[in-house]
Each structure stands twice: as C-alpha cells, then as structure tokens.
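Trainee: below is the sequence, then the predicted model.
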Amino acid sequence: MKSVNKKILIINENRAEAEDIRNHLIDAEAEVVCAYTLREALTQFMIHDFVLVILDAYLSATDDHSLLKAMRSAKKMPILILSSDTNHTERIHLFQAGANAYMGKPYTLEECMAQAHSLMQLYVETAPQGKLCYTLAFGNDLLIDPETRQAFLKGKELKITRKEFDLLFWLASNPGKVFTREQLYDHVWDEQSAHNVDEVVKHHIKTLRKKLTDANSEYIKNVWGIGYRFEHGSKTDGE
C-alpha cells in the first residue's frame, strides 16, 4: 500500500456535506481531515501541512472571513470556496480575502472533485519540495508557527513583538526545561550582553506573560531563584 503523502482540510459545519466530499477525496495517497468549527479548523490548519483547503463560505462569513485571511497569510496552499451565495460582490470579497477558486451551490460531486484535483496537482507541481513544518501546538489553546512568525491563543492571533516571539518559541521548544535569564538572553538576543540582562529579560517575560495569560493557566512559570520554564496548562502565579 502506498503511504499517505497528501493532506486535505475540509471546513464545513454541515457534517453530511463534509463527509460526502471526504469520502470521494480519500484514497491511499490522501488523508482528509474534517473540521466543523472555526476554532477546530485553525488548530488543524496550524498543526498540519495541507495541499488543499475546501472551505464553506457560510461558516467563513461568521467571522468576516478572518480565518480565510489568516490561512492565506500563513501558508500558500490552494483554498477552494463552496458557496450558495452567487452575489458578484461576495465572490469578489472571497477572492480578495484569499480564495483561489469558487464553486457555487448546488454543484455536482464530479465537478467538485475535478476542481479539487486540479488545484492539488498545480500546487504539488509548483510548491517547494522537502519543506518541513515545525509548528508547535499545545492542545487547542496555543499554536506557534516559526515559519510565519505567528502565535495563536484560543484561535486568536497574539500581537507580540519580534523578541517576544523569539522568547516564546525558544521556551515552548524546550517545555519543562529551566533557563536562567542569562541563558535566555544568550539564546534569544544573539548579541553582546546588555548592561542589565536581568531587567531586559524580566521586562520581556512580563509583557509576554500578560499576552499569554488567560483565566485558567500561565505558560511561562517562575522557578524561584533560578529563572523560567514553559509549562502547558500550569496554574497562574505571580511575577
């Protein structure tokens, strides 16, 4: 049996419709993932490398196509939109948000499959080969993508600085490992020591923790007298 080498993401709150498309796309060389909510879709999208996304326009419209825009800015795989809205303005809006192809409902499965395979073939033939994805995922809550330098907390993109991202990615890449402030500075800043390394790192940790902390957990945990470690789901404590 051939190994699976293609992943396809279907985003549609209509489970029957999603499963119907899935059953026609899946084969020995393709793995098809179905997501029925925007949050689930974002999680799957950031964890895996897909060669095609099939997105229902109705679900996308519930967040003003924010997911569509985020997917387009993050990765370059083709996005096929399925929509019952044939309004010219809405179609333009979808293309501007990041869609590559549009199929109006009702459609035949044969037509949908032909469009899907055409988009996948074009992508596979033109996409760089051997590209690795090192996206870090911690449950459904925190996703960190070093390629696009984006981090998402509970489905929403974090607004963090360049150094805050570097600091977060380094800590998250080494969960449970304790780092002193000097070690964090050496790894993240990659420059000669500042006059006050402790204060530089402490300031960045403090601002990053504020952006990461929700009502239940804190990812960057103090190790008193030593430094910090990254923990998924640890309880909030003080600075």
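Mentor: All right, it came through fine. Residues are numbered from 1 along each chain as shown.
Trainee: and the helix or strand bottoming out on mean pLDDT in the chain, how far out from the chain's middle?
Mentor: Least confident element among the helices and strands of the chain, by mean pLDDT, DSSP states H and E: strand 136-138 (a mean of 73). In terms of C-alpha atoms, centre = their mean, to the nearest Å, the centre of strand 136-138 is set 9 Å apart from its chain centre.
Trainee: what's it packed up against?
Mentor: On a contact count with 3 or more C-beta pairs under 8 Å, 6 or more residues apart in numbering; DSSP states H and E, strand 136-138 meets helix 38-47, strand 142-145, helix 162-173. To be clear about C-beta, it is placed using only N, CA and C from the backbone, and glycine gets the same treatment.
Trainee: each with direction, which strands does that strand pair with?
Mentor: In the sheet, strand 136-138 lines up against strand 142-145 (antiparallel) (DSSP bridges).
Trainee: mind checking how far stretch 74-94 is from the chain centre?
Mentor: How far stretch 74-94 lies from its chain's middle: 19 Å, per C-alpha atoms, centre = their mean.
Trainee: can you give me the end-to-end span of that stretch?
Mentor: With C-alpha to C-alpha, to the nearest Å applied, stretch 74-94 spans 17 Å between its terminal residues.
Trainee: repeat for stretch 174-181
Mentor: End-to-end span of stretch 174-181 (C-alpha to C-alpha): 15 Å.
Trainee: quick one: contacts of it?
Mentor: Stretch 174-181 has contacts (C-beta atoms under 8 Å, 6 or more residues apart in numbering) with 171, 187, 197-198, 201-202, 223, 226-232.
Trainee: quick one: which of those residues is nearest to residue 51?
Mentor: Among the contacts of stretch 174-181, residue 232 lies closest to residue 51 (C-beta to C-beta), at 29.3 Å.
Trainee: what's the burial count for that closest one?
Mentor: Residues contacting residue 232 under the criterion other C-beta atoms under 10 Å number 14.
Trainee: if we can go back for a sec, which among the helices and strands packed on strand 136-138 is found nearest to residue 106?
Mentor: Among the helices and strands packed on strand 136-138, helix 38-47 comes nearest to residue 106, with 23.3 Å by C-beta to C-beta.
Trainee: top helix in the protein by residue count?
Mentor: helix 109-126 (DSSP state H).
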